[in-house]
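Asks: The following block contains a protein sequence and its predicted model.
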Amino acid sequence: MNTDREGAQSLSRDVQRLTEQVRDVDIVLIPPSIFLAQVGENLAESKVQLGAQNCEYRSNGAFTGEISVQMLGSVHCNYVLCGHSERRTVYGESDGVVNAKLQAVLKGGLSPILCIGETKEERDQGKTMERIRTQLEKGLEGVSLEDMARIVLAYEPVWAIGTGDTASPEQAQDVHRAIREWIERYKSKEIAANIRIQYGGSVKPENVDLLMNKPDIDGALVGGASLKAESFARIVRFNR
């Protein structure tokens with residue numbers, strides 16, 4: 001919940017300008033919903049894609065204040081975040097609700113970014129992988145092998161979001177590898193090899209290179225560092 005209309009438009013234009021020479025990285029901007037149409041118009045002629053931070057899993061009706069997948073598609077959204085840690089912890093979204101949203105996004109022809117991650121308490125209790133596996137199992141319930149190809153996973157340790165306390169590259173890699181192993185076991189080896197698993201948790205220019213050089217980290221879900229086009233562009237141009 002950042003920027004205003006002018007700021008959102010300016011930021012999207014600056015990101016396009018600063019990343020237009022990048023050829024081998026997919027870039028998605030995910031602004032507040034009220035700015036989706038305007039930012040989408042700015043991105044129309046660029047390679048930068050548009051995503052939404054949230055959606056309602058029901059398609060229409062008396063759900064005041066909610067935004068359906070069909071509405072998002074009408075303003076040319078390509079991606080939708082499902083189960084971001086703040087939706088889970090602040091707004092109480094259960095794994096079942098997250099799954100319903102993910103299914104709605106797939107049905108609507110868009111690509112979900114399924115966010116998973118543990119709290120500090122869960123990590124301190126040694127329950128990181130237990131929580132991750134539960135979120136994967138329940139979040140991906142009922143998803144066909146065909147639809148798995150359209151899903152992006154984002155590991156975001158709740159304890160590292162907005163705190164400046166980033167998981168070490170080794171910690172992040174351990175969880176990413178475990179996620180990929182779970183996908184291979186319960187979906188398929190091919191899907192596990194090709195699915196994108198992003199890391200999200202205080203990603204910034206200072207740590208992106210080390211994170212992105214880990215074998216199972218395929219991308220970044222960027223929060224605060226995306227509010228300045230220069231820092232976000234540096235993340236996009238990470239050094240391998």
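Replies: It's in.
Asks: Could you list the low-pLDDT ranges of this structure?
Replies: 162-164 (pLDDT under 70).
Asks: can you give me the strands for it?
Replies: Assigned strands in the chain, in chain order: 28-29, 49-52, 79-82, 111-116, 152-155, 196-199, 219-220 (criterion: DSSP state E).
Asks: Show me what the first one is packed against.
Replies: I take that to be strand 28-29. Applying 3 or more C-beta pairs under 8 Å, 6 or more residues apart in numbering; DSSP states H and E, one finds that strand 28-29 contacts strand 49-52. For glycine as for every other residue, the C-beta is placed from the backbone atoms N, C-alpha and C.
Asks: I'd like to know which elements the strand it packs on is packed against.
Replies: So strand 49-52, by 3+ C-beta pairs under 8 Å, 6+ apart, packs with strand 28-29, helix 36-43, strand 79-82.
Asks: please redo it, this time with the cut-off set to 10 Å
Replies: Secondary-structure packing of strand 49-52 (3 or more C-beta pairs under 10 Å, 6 or more residues apart in numbering; DSSP states H and E): strand 28-29, helix 36-43, helix 69-74, strand 79-82, strand 111-116.
Asks: Compare the ones you listed and report which one is nearest to Arg5.
Replies: Each of those has some distance to Arg5 by C-beta to C-beta; the shortest is helix 36-43, at 6.4 Å.
Asks: ok now the closest one, how far from the chain's centre?
Replies: Its chain's C-alpha centre and that of helix 36-43 lie 19 Å apart, by C-alpha atoms, centre = their mean, to the nearest Å.
Asks: what's in contact with that helix?
Replies: 3, 5-6, 8-13, 15-16, 27-32, 35, 48-53, 67, 71-72, 74-78 (C-beta atoms under 10 Å, 6 or more residues apart in numbering).
Asks: With Ser226 as the reference, name the closest of the helices and strands packed on strand 49-52.
Replies: Nearest to Ser226, of those and by C-beta to C-beta, is strand 28-29 at 7.9 Å.
Asks: What pairs with the closest one, parallel or antiparallel?
Replies: Sheet pairing for strand 28-29, assigned by DSSP bridges, gives strand 49-52 (parallel).
Asks: residues in contact with the partner strand?
Replies: The contact list for strand 49-52 (C-beta under 10 Å, 6+ apart) reads 12, 26-33, 36-37, 39-44, 67, 69, 71-73, 75-81, 105, 110-113, 152.
Asks: Could you work out which of the helices and strands packed on strand 49-52 reaches nearest to Glu181?
Replies: strand 111-116 (14.3 Å).
Asks: Torsion angles phi and psi at the residue at the greatest distance from the centre of the chain?
Replies: Farthest-out residue of the chain from its mean C-alpha position, per C-alpha atoms, centre = their mean: Ala62, at 28.0 Å. With angles defined as degrees, to the nearest 10, Ala62 sits at phi -90, psi 70.
Asks: State the distance from it to Glu56.
Replies: From Ala62 over to Glu56 the distance is 11 Å, taken as C-beta to C-beta, to the nearest Å.
Asks: do the same with Lys127
Replies: Distance of Lys127 to Glu56, computed by C-beta to C-beta: 31 Å.
Asks: who has more neighbours, the two?
Replies: Glu56 (18 against 14; other C-beta atoms under 10 Å).
Asks: Report the central residue of the protein.
Replies: Most central in the chain (C-alpha atoms, centre = their mean) works out to Ile113, at 4.5 Å.
Asks: Pull the contacting residues for it.
Replies: Ile113 sits next to 28, 30, 51-53, 79-84, 102, 105, 151-154, 196, 198, 200, 219, 221 when contact means C-beta under 10 Å, 6+ apart.
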